[in-house]
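A.B. asks: What shape does this take:
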Amino acid sequence: MNLNQANATGMTSPRTLQRLIDRLLDKGITDERVLRAMESIPRHLFVDASLKHLAYEDMSLPIGKRQTISQPFVVARMTQAVLEVPNVSSVLEIGTGSGYQAAILSRIIASVYSVERIHSLSWQARKQMRQLGIHNVKLKFGDGQEGWEEYAPFDVIMFTASARRVPTPLLEQLSDHGRIIMPRVSRTGQELVFMQRSEAGWKEEIVQPVVFVPVLTGTEY
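C.D. replies: Next up, the predicted model:
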């Protein structure tokens, strides 16, 4: 199934898509590459059949195994943050989930790597990538906190689950001028944080409050 065939299922009318894009624009998503990616990847294919009527609302939705597919605005904002890194060509995602974020990134970034600790979600995401004809996303079933050393260093490491700190293996797999995008657990909740590495050290930007499921260790079948 290619993207045109996916959009032809009737769940992504031009009006429905335009409403979502208008919402993203209103919230400050201005990069045309991000907006085109959000238009081209059919979100309804990544949610349960009973929730497809909500697929293009700006909200997170459950995908089973106590996991969620992120709110479209958050996906777009994190994707836009990736593109703020000069000459970005590789991204490591910690927490594949439904595969939606990785699919969005695939439309913009040359090489996307994603690790998922829940086997059934990893399998489903792999199936979805094949159906959509996406070939520049590599998926791995494993503990995301260990990263994916084989393909390091990465220009960006993106967490799609919340954590208090960045595990040491992931810091070691980030390029010298790389960026970490993560929902960080704070004393008051969670906050989306962009952390930029440079020769002078780390520069940190706290973006907004968010709600993500927590990063967990190990794997699950």
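
A.B. asks: contacts for the helix or strand hosting Gln18?
C.D. replies: Applying DSSP states H and E as the criterion places Gln18 in helix 14-26. The contact list for helix 14-26 (CB atoms under 8 Å, 6 or more residues apart in numbering) reads Val34, Leu35, Met38, Glu39, Tyr56, Asp58, Pro72, Phe73, Ala76. (C-beta placed from N, C-alpha, C; glycine too.)

A.B. asks: tell me the secondary structure for the closest residue to Trp148 other than its chain neighbours?
C.D. replies: Excluding the flanking residues, the one nearest Trp148 by CB to CB, 6 or more residues apart in numbering is Tyr113, at 5.3 Å. Secondary structure assignment for Tyr113 (DSSP: H, G, I helix; E, B strand; the rest coil): strand.

A.B. asks: Now do the contacts for Tyr113.
C.D. replies: Counted by CB under 8 Å, 6+ apart, Tyr113 has contacts Ser90, Val91, Leu92, Glu93, Val137, Lys138, Lys140, Trp148, Tyr151, Phe154.

A.B. asks: can you map out the strands along the chain?
C.D. replies: For the chain, the strands defined by DSSP state E occupy 61-64, 67-69, 90-94, 111-116, 137-141, 154-159, 174-186, 189-198, 201-209.

A.B. asks: quick one, the longest one and strand 189-198 angle?
C.D. replies: Between the axes of strand 174-186 and strand 189-198, defined by axes from the mean of the first three to the mean of the last three CA atoms, to 10 degrees, the angle is 160 degrees.

A.B. asks: name the helices or strands packed onto strand 174-186?
C.D. replies: Secondary-structure packing of strand 174-186 (3 or more CB pairs under 8 Å, 6 or more residues apart in numbering; DSSP states H and E): helix 72-82, strand 154-159, strand 189-198.

A.B. asks: buried sites along that strand?
C.D. replies: Within strand 174-186, the residues scored as buried using 16 or more other CB atoms under 10 Å are Leu174, Ser175, Gly178, Arg179, Ile180, Ile181, Met182, Pro183, Arg184, Val185.

A.B. asks: List just the one of the strands of the chain that sits closest to Lys27.
C.D. replies: strand 201-209 (10.1 Å; CB to CB).
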